[in-house]
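Engineer: kindly generate the corresponding structure for this input.
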Amino acid sequence: MSKPIYKILLFLKRRPGMSVEEFRDYYETKHVKLCEKYAVGALRYVRRFLDPIGGEEMPFDVITEIWLEDRAVFEAVCEMTAKNEPPPEVVADEERLFDRAKSRTATVVEHESDMEAIARQYA
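Structural biologist: Predicted structure coming up:
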């Protein structure tokens, strides 16, 4: 059995009046740098920018994933997130970038199969 990976998923919408290009540029050049200093204990910090098919506006512009393998760190981050208590400088930056009222958060416990090993087993 694989070691569990704990993920926090953030579903985020850009603030009104901000173009998709401005949003992605600001997120990657400014917001990420700010958040990285608070990501101690994270295995990965991934942004998945969404491009809707058919031109429809989506409820979120990005799904951000924070990957953790330590359950205690995961639980501490979840507790802080549930209280909506990020550091004040992060909140201030989020207000420049996101429509915070539309933000949603979920957790995932992920287990991954070793598909190469499985393929060898059935070869």
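Engineer: next one: the spatially most central residue of the chain, what pLDDT does it get?
Structural biologist: Note on the chain: the residue nearest the mean C-alpha position is residue 64, at 2.0 Å, using Cα atoms, centre = their mean. Model confidence at residue 64, given as pLDDT, is 96.
Engineer: residues contacting stretch 32-40, please?
Structural biologist: The contact list for stretch 32-40, computed with Cβ atoms under 8 Å, 6 or more residues apart in numbering, reads 45, 47, 66, 86, 87, 89, 90, 93. (Glycine included, C-beta is placed from N, CA and C.)
Engineer: nearest residue to the first one in space, please, no chain neighbours.
Structural biologist: Sequence neighbours aside, residue 39 is the residue nearest to residue 45 in space, at 5.2 Å (criterion: Cβ to Cβ, 6 or more residues apart in numbering).
Engineer: sort out for me which of the contacts of stretch 32-40 are in strands.
Structural biologist: Among the contacts of stretch 32-40, the members falling in strands (DSSP state E) are 45, 47, 66.
Engineer: the second one touches residue 62, doesn't it?
Structural biologist: I take that to be residue 47. Yes. In this structure, residue 47 is within contact of residue 62 by Cβ atoms under 8 Å, at 5.5 Å.
Engineer: shared neighbours of these two, which are they?
Structural biologist: In terms of Cβ under 8 Å, 6+ apart, residue 47 and residue 62 are both contacted by the residues residue 27.
Engineer: who has more neighbours, the two?
Structural biologist: Shown here are residue 47 and residue 62; by other Cβ atoms under 10 Å, residue 62 has more neighbours (19 against 16).
Engineer: tally of neighbours for residue 57?
Structural biologist: Residue 57 has 7 neighbouring residues, counting by other Cβ under 10 Å.
Engineer: for it, identify the helix or strand it belongs to.
Structural biologist: Using DSSP states H and E, residue 57 maps to neither a helix nor a strand.
Engineer: low-confidence stretches in the chain?
Structural biologist: 1-2 (pLDDT under 70).
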